[in-house]
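*Asks:* Can you look at this prediction? I've put the sequence above it.
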Amino acid sequence: MKKKNNNNLHAMYSKTHYEYVRKIKRDKTFILSMQILLFVAFIGLWELLATVNIIDPFFFSSPSRIYTTFVSLISSGSLWTHIGITLFETIIGFLIATALGTLIAILLWWNEKLRRILEPYIIILNSLPKIALGPIIILWVGSGATAIITMCVLICIVITTISMMNAFLSCDKDKVLLMQSMHANKFQIFCKLILPSAIPEFLSVLKINVGMSWVGTIMGEYLSSSAGLGYLIVYGSQVFKIDLVMTSTVLLCLLAGLMYAIICVIEKKFKR
């Protein structure tokens, strides 16, 4: 009798669990379907309004004109060059800013007096409009890729430093005291407690830096570039080729979305 009741309980639990999993799958499918539907509706409405001249295609372009420009860039062989240059600058700036910002945050956590001395200056530097430093950056490091990567690093490094420093400082004080009572040194406390607790924040910083690194790279290409997607946007604006501007913008969105998707995959692996 007892065995029979256990079997019934197991069957009931399995059915409930099955329904719960089905509900989650239905919700995911619904959300994805709505996202695709909204995107298709936006593209269709944009194309329709441009076709019937409710909006001027010269100023607003249209999906069909963007596609034509995209095919033209591929045919000329210049598209992959511009994408490659911008992608290289963005990835290098992203990696340098993330690594340096995290190292600076570790140093500030390690030395409280240094943190208290430098914290106001870090906040001020974060509020400074980086575009204003453009001419100075060109004078300091020269024009071209070096200046663009430097701009990208400046955009991301302060945010990385502040976010990671706050993550290190927000670790449970009781746990720190517990490890200190067990005679753990500062290096052991950092490696065994502080750093693991800051991993979720680090993954969030990576997501933020994806967007900020693209912003920094495009800002740098606005100031000093002879190739890249930012250069195409500037060139298209100067000669009133809005189709080229919109095509470059769409490509930027796709590349940024791809980088963000990669970070999300990494995040899921860490959560497992």
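*Replies:* Alright, I've got the coordinates. Residues are numbered from 1 along each chain as shown.
*Asks:* Kindly list the longest helix within the chain.
*Replies:* For the chain, the helix with the greatest residue count under DSSP state H is helix 2-51.
*Asks:* where does the chain dip in pLDDT?
*Replies:* Low-confidence segments of the chain, defined by pLDDT under 70: 1-14, 271-272.
*Asks:* okay, now the domains of it?
*Replies:* The chain resolves into domains spanning 2-55, 61-271 when parsed by automatic domain parsing.
*Asks:* can you pull the contacts of the residue nearest to the spatial centre of the chain?
*Replies:* Centre of the chain computed as the mean C-alpha position; nearest residue by C-alpha atoms, centre = their mean is residue 210, 2.0 Å away. By C-beta atoms under 8 Å, 6 or more residues apart in numbering, the residues touching residue 210 are 94, 256, 259, 260, 263. (C-beta placed from N, C-alpha, C; glycine too.)
*Asks:* hang on, the earlier thing: just the domains of the chain: most buried one?
*Replies:* Greatest average neighbour count among the domains of the chain goes to domain 61-271 (a mean of 17), per mean count of other C-beta atoms under 10 Å.
*Asks:* distance between the longest helix of the chain and the chain's centre?
*Replies:* 27 Å (C-alpha atoms, centre = their mean, to the nearest Å).
*Asks:* so what secondary structure elements neighbour it?
*Replies:* Packing contacts for helix 2-51, counted by 3 or more C-beta pairs under 8 Å, 6 or more residues apart in numbering; DSSP states H and E, involve helix 57-60, helix 63-76.
*Asks:* Using JSON lines, please lay out those helices together with distance to residue 128.
*Replies:* Below are those laid out as JSON lines (distance: least, C-beta to C-beta, whole Å):
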{"stretch": "helix 57-60", "distance to residue 128": "34"}
{"stretch": "helix 63-76", "distance to residue 128": "36"}
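*Asks:* still on that earlier bit, sitting in helices, which of the contacts of residue 210 do you find?
*Replies:* Helix and strand membership here follows DSSP H; of the contacts of residue 210, those in helices are 94, 256, 259, 260, 263.
*Asks:* ok so, going back, make TSV from the contacts of residue 210 and add distance to residue 178 to it.
*Replies:* As requested, the contacts of residue 210 are exported to TSV (distance: C-beta to C-beta, whole Å):
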residue	distance to residue 178
94	36
256	42
259	39
260	37
263	33
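*Asks:* Can you tell me which of those is closest to residue 108?
*Replies:* Top of the list for closeness to residue 108, among the contacts of residue 210 and by C-beta to C-beta, is residue 94 at 21.3 Å.
*Asks:* Need the nearest residue in space to that closest one, chain neighbours excluded.
*Replies:* Across the structure, with C-beta to C-beta, 6 or more residues apart in numbering as the measure, the residue nearest residue 94 apart from its sequence neighbours is residue 213 (4.0 Å).
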